[in-house]
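> got a predicted structure here, sequence first:
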Amino acid sequence: MTEERRPIPLKRLPRTGAVRPLALLAPALIVVLVLFGGGLILGLPQSLGYLPAAGMSKISLKHFQRVLFDPDFFSSLGLTLYVAGVSTLIAAALSLLAAMALVESPRWLLFIFQIPLTVPHLVIAIAMAFLLAPSGMVARLFQNLGWISGPGDFPLLINDPFCIGILLTYVWKEIPFMTLMILSALKNSGMEMLDVGRTLNAGPWQRFRYILLPILLPSLGAAGLIVFAYTFGAFEVPYLLGQTYPMSLPVWAYRNYSDVDLAARPEGIAIGIVIAVGVTGCIIASQRLARGQKRRGTVF
Amino acid sequence: MVMVALPFVPLLLWAFSDRWFFPALAPQSWGLRAWIYLFRTAPDQILVVTLQSLWVAAATACIAVAVGLPAGRALGIYVFKGKDLLSIVLMLPVVVPSLCVAMGLHLWFIRLGLAESFLGVVLIHLTFCVPYSVFVMWGVFSNYNVEFEDQARSLGATGVQTVVRVMIPMTLPGIVVAGLFSFLLSWTQYLTTLIIGGGKIITLPILLFALMASGDRPVAAAVSLLFVLPAFFTLFFSARYLGRKGLVGVW
Amino acid sequence: MGELILDRLILRFGRRTVVEDFSLKVADGELVSILGPSGVGKTSILKAVAGLLQPAGGKILLDGRPLIGTAPEKRPAVMVFQKPLLFPFLNVEQNIAFGLRMRRLADSKIRRDIASIMELTRLTGLGRRRIHELSGGQQQRVSLARALVVKPAVLLLDEPLSNLDADLRQQMRDLIHKIQARTRITTLFVTHDQAEALAISHRVALLLEGRLRQVGSPRELFHRPADPEVARFFGGTNFLEGRFEKGALHTQVGVFPLPGFNGNGHRLTATIRPEDIVIRERGPYDLEGRVVRTRFEGMATRVWVQSGNTLLVVLTPDSRLTPGQRVRMHLPPEKIHVFPPPPDERRA
């Protein structure tokens, strides 16, 4: 963020001390550590095959092995990465354009633009199904225009190999989020910076490359990361709009977990842990990267 | 604008259609069949499920705010050792998929008798609602000037009075938004509710998935519209009281 | 070269006109201040010259060539904003180099130019600093250096000192004055601080309510204001109205000789600065009055004196005066400034 970095004025001097803040944080920490941390940690023995209730008590890595060496794992991983990566990239590119278009727009337009923020993914997924299904509204429109001669002619856009429906749902949901994230960076003296660049003889491309991008990259990166992590681990949209094979990782995990055969349950949890580790690792890596870049002090 | 509105068009059309066969662009006959079905034919189902969803989300939101408020205050106002680490730990559930947590906790919830129970579902929702609430309140308190409280104290207010008369009124919009966000997050949960609730605790999203599977488009569309209502309410409220910034957290 | 001419410039925001009919000629190498209270459109004038604001009418000429229609990045005018607006992702050197990089100059040339400009702006040694490690004054100097290094034909300074502490502001003001004298870059300096404008400029243009009221040397504006409002802006509160007859101004409170002035029979308004009125116990005096109020201001005391129906403000070194006291005042004729009569009255 490009807030004015000046010495903190006296009136906003943060308070110090360790006892009070810890006491204030305690309830939240308990919830997170016990429920969230506990969930992850308790999942581990189960993924290692320790499920006394199902008569399994031998601890081994075989479930992880079985998951990781399953050829389906790689097709699932590939699909999940594809969906998360492509939707994030498209949304990021469109958000840049949207932010520039919206920076001086009236409030009501901004408000309309924010609607997708609070609308649940599930509702949009359902709407996409209604729109894009072979008998959906777009197909009906094409039929009426004479472009296709029946639902069978319409290209497969949901439950399809390219995950068009899933991508569209995510992009629709993500653009406002990413745009608002970069919009605050842009409004926070970003536009003035562009003016400075103009008077210093920077042309349109130079302004984009040397001013706008460096200003927006941190918040765009952060937004992209959150979005990527979310789409990587999200279940509902691929479950509803995805094809039966390959499945996205979370869907695959749940399928295993809810299998009537209890022996598949550890594998489901194992996939879950792989997802969690992957997402966390991804976040930490990009944080490191960002911090390193900041320390070196140049994106120029 | 068109892009924003587009997905709602089929929902609205389907929800108010009685017959709509391919390839007609608009329903052949309009009507309230879906709504009549929901509120007349199967009122028990929709009413029970909606109330169930409401209670779960409301309980989750209340606890999330109660827990998030002090934590946000600690993060927003104080500087202390280990703050970075603690804030990362607190924010981790925002990015780590809740699916993994729910699967891990499920077995233990069964043992403790929390599975298939109201409390169990609320607890699992709290794992990600609390971090969101902390995040929102953190933002609220980093823009909050504690000197107002010092001023109140010097004017003779007791500790409790300061909290009730100064801190809460000054952070109220933030508190409400944190509550609404948590409500919405819980309200829209599908998988964690399904795993922990085990089919006993049925909320709107679970019903929606079932309706989609059954292929009754008008009813699914009608329930979708019902389902999206709190989202609009939250949007209006936070746009009114927090402006742009606070909204980002809800995503 | 850089002779800048603004000819009947009109600036509007939507339907609101902020600057009306503004004409100003800035000679090559001259520093002209645009002075006025906040919100009269001073910044808008700079932005119009920089090209960041499209004028609703009028012309902007640089060395005779029209600037309007040229994109801001193609204009040889550089603006320094009120906030330093340094790029947070670049260090000090990189910020200063920005304009040169945009012109794709060679690295060796850029290094040399930066080094000399950093010396001029007293930034030597700070080149590798990050922006947030700088003080407010340093930041504003970097911002100035960043503009100067591209050797603009016109430098536009938009209240560059207003975010600084008082003593820092003094230093910066002197620095700008020195640099401008050395580089002789044509400079338009916008400020709401009269002391700043008077101290730094060759000429001052006073803008009140979107209109140019007077242009002239600092002394002219201060001692020979064009009208009562200009006088009031510079702290003049004493106005004498009357009729000019036989070499003197006849007012209700008294008669004031005005040597060297002619124009018998005219109704006139004259002014005298508070510090020019002399309070004395003996010797000839022009007016007598009663002290209504006093305010001790350190180096001087401000005294409100009621004389007939006129309230005069006097700035005097004498701090012993008290309300109720009767005082005699001398108004030196050479310090009385008569406003030129407004055009419509002259015709009548």
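All right, it came through fine. Computed from a predicted structure; not experimentally measured.

> for chain B, what's its nearest residue on the stretch 101-250 of chain C.
C:His132 (17.7 Å; CB to the nearest CB). Backbone N, C-alpha and C define where each C-beta goes, glycine included.

> mind checking the SS state of the spatially most central residue of chain B?
Central residue of chain B (CA atoms, centre = their mean): B:Leu184, 1.8 Å from the mean position. Secondary structure assignment for B:Leu184 (DSSP: H, G, I helix; E, B strand; the rest coil): helix.

> which elements pack onto the helix or strand that contains B:Ile124?
Taking DSSP states H and E as the criterion, B:Ile124 maps to helix B:118-142. The contact analysis (3 or more CB pairs under 8 Å, 6 or more residues apart in numbering or on different chains; DSSP states H and E) places helix B:118-142 against helix A:19-30, helix B:43-77, helix B:83-95, helix B:98-111, helix B:168-187, helix B:191-197, helix B:243-247.

> ranges for the helices of chain C?
C:42-50, C:92-102, C:107-120, C:136-148, C:166-183, C:194-200, C:218-223, C:228-233, C:343-347 (DSSP state H).

> format the ones you listed as CSV; extra columns: mean neighbour count.
Putting these into CSV (neighbours: other CB atoms under 10 Å in any protein chain shown) gives the following:
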stretch, mean neighbour count
helix C:42-50, 24
helix C:92-102, 23
helix C:107-120, 15
helix C:136-148, 24
helix C:166-183, 15
helix C:194-200, 18
helix C:218-223, 18
helix C:228-233, 18
helix C:343-347, 8
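
> what's the least confident stretch among those?
When these are compared on average pLDDT, helix C:343-347 comes out lowest at a mean of 51.

> from C:Pro88, how far out is the nearest residue in space to C:Gly57 that is not next to it in sequence?
If the residues on either side of it in the chain are set aside, C:Gly57 comes closest to C:Ile10, at 3.8 Å by CB to CB, 6 or more residues apart in numbering or on different chains. Distance, C:Ile10 to C:Pro88, by CB to CB, to the nearest Å: 36 Å.

> can you check C:Lys335 too?
53 Å.

> pLDDT score for the most centrally placed residue in chain A?
Of all residues in chain A, the one closest to the mean position by CA atoms, centre = their mean is A:Val227, 2.2 Å from it. Reported pLDDT at A:Val227 in the predicted model: 89.

> for my notes, confirm it occurs in a helix.
Yes: assessed by three-state DSSP, A:Val227 belongs to a helix.

> which residues does it contact?
A:87-88, A:91, A:170, A:174, A:177-178 (CB atoms under 8 Å, 6 or more residues apart in numbering or on different chains).

> give me the distance between the nearest residue to the residue nearest to the centre of chain B once chain neighbours are set aside and B:Ser133.
Excluding its sequence neighbours, the residue lying closest to B:Leu184 (CB to CB, 6+ apart) is B:Thr234, at 5.4 Å. Separation of B:Thr234 from B:Ser133 (CB to CB): 13 Å.

> tell me which of these two has more neighbours.
More neighbours surround B:Ser133 than the other of B:Thr234 and B:Ser133, with 32 against 22 (other CB atoms under 10 Å in any protein chain shown).

> so the more buried one makes contact with B:Val65?
Yes: assessed by CB atoms under 8 Å, B:Ser133 is found in contact with B:Val65 at 5.6 Å.

> intersection of neighbour lists for these two?
B:178-179, B:182.

> which of those residues are buried? Put it as a ChimeraX command.
Selecting the buried subset of these in ChimeraX, with 16 or more other CB atoms under 10 Å in any protein chain shown as the burial test, is done by:
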select /B:178,179,182
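
> neighbours around C:Val3, how many?
Heads up, residue C:3 is Glu, not Val. Neighbours around C:Glu3, by other CB under 10 Å: 17.

> mind listing what it touches?
Counting by CB under 8 Å, 6+ apart, the residues that C:Glu3 touches are C:25-28, C:62-64, C:186.

> on that earlier part again, show me the contacts of A:Val227 that map onto strands.
Nothing among the contacts of A:Val227 maps onto strands, per DSSP state E.

> which of the residues you listed sits closest to B:Pro27?
Distance to B:Pro27 across the contacts of A:Val227 (CB to CB) is lowest for A:Tyr170, with 29.0 Å.

> between C:Lys335 and C:Pro88, which is the more surrounded one?
C:Pro88 (19 against 15).

> tell me the spacing between the more buried one and chain A.
Using CB to the nearest CB, to the nearest Å, C:Pro88 is found at 5 Å from chain A.

> now C:Gln82
With CB to the nearest CB as the criterion, C:Gln82 and chain A are 9 Å apart.

> doesn't C:Asp158 make contact with that residue?
Yes: at 5.2 Å, C:Gln82 counts as touching C:Asp158 under the criterion of CB under 8 Å.

> between the two, point out the one with more neighbours.
C:Asp158 (21 against 17).

> touching, the more buried one and C:Val190? I think so.
Yes: taking CB under 8 Å as the definition, C:Asp158 is a contact partner of C:Val190 at 5.0 Å.

> shared neighbours, these two?
C:42-43, C:46.

> number of residues surrounding the residue of the stretch 101-250 of chain C closest to chain B?
By other CB under 10 Å, neighbour count at C:His132 equals 13.

> same question for C:Gly265.
C:Gly265 has 7 nearby residues by other CB under 10 Å.

> could you check the pLDDT of it?
So C:Gly265 comes in at 76 (pLDDT).

> distance of it from chain B?
C:Gly265 is 65 Å from chain B, by CB to the nearest CB.

> show me the contacts for that residue.
Per CB under 8 Å, 6+ apart, neighbours of C:Gly265: C:243-245.

> so among these, which ones count as buried?
The buried subset of the contacts of C:Gly265 - by 16+ other CB under 10 Å - is C:Phe244.

> separation between C:Leu62 and C:Thr183?
Distance from C:Leu62 to C:Thr183, by CB to CB: 17 Å.

> returning to that earlier point: okay, buried residues for the helix holding B:Ile124 please.
B:120-141.

> could you verify my assumption that the residue of the stretch 101-250 of chain C closest to chain B touches C:Phe89?
No: C:His132 is not in contact with C:Phe89 according to CB under 8 Å; the separation is 11.1 Å.

> now stretch C:4-15: mean pLDDT?
Rounded mean pLDDT across stretch C:4-15 is 92.
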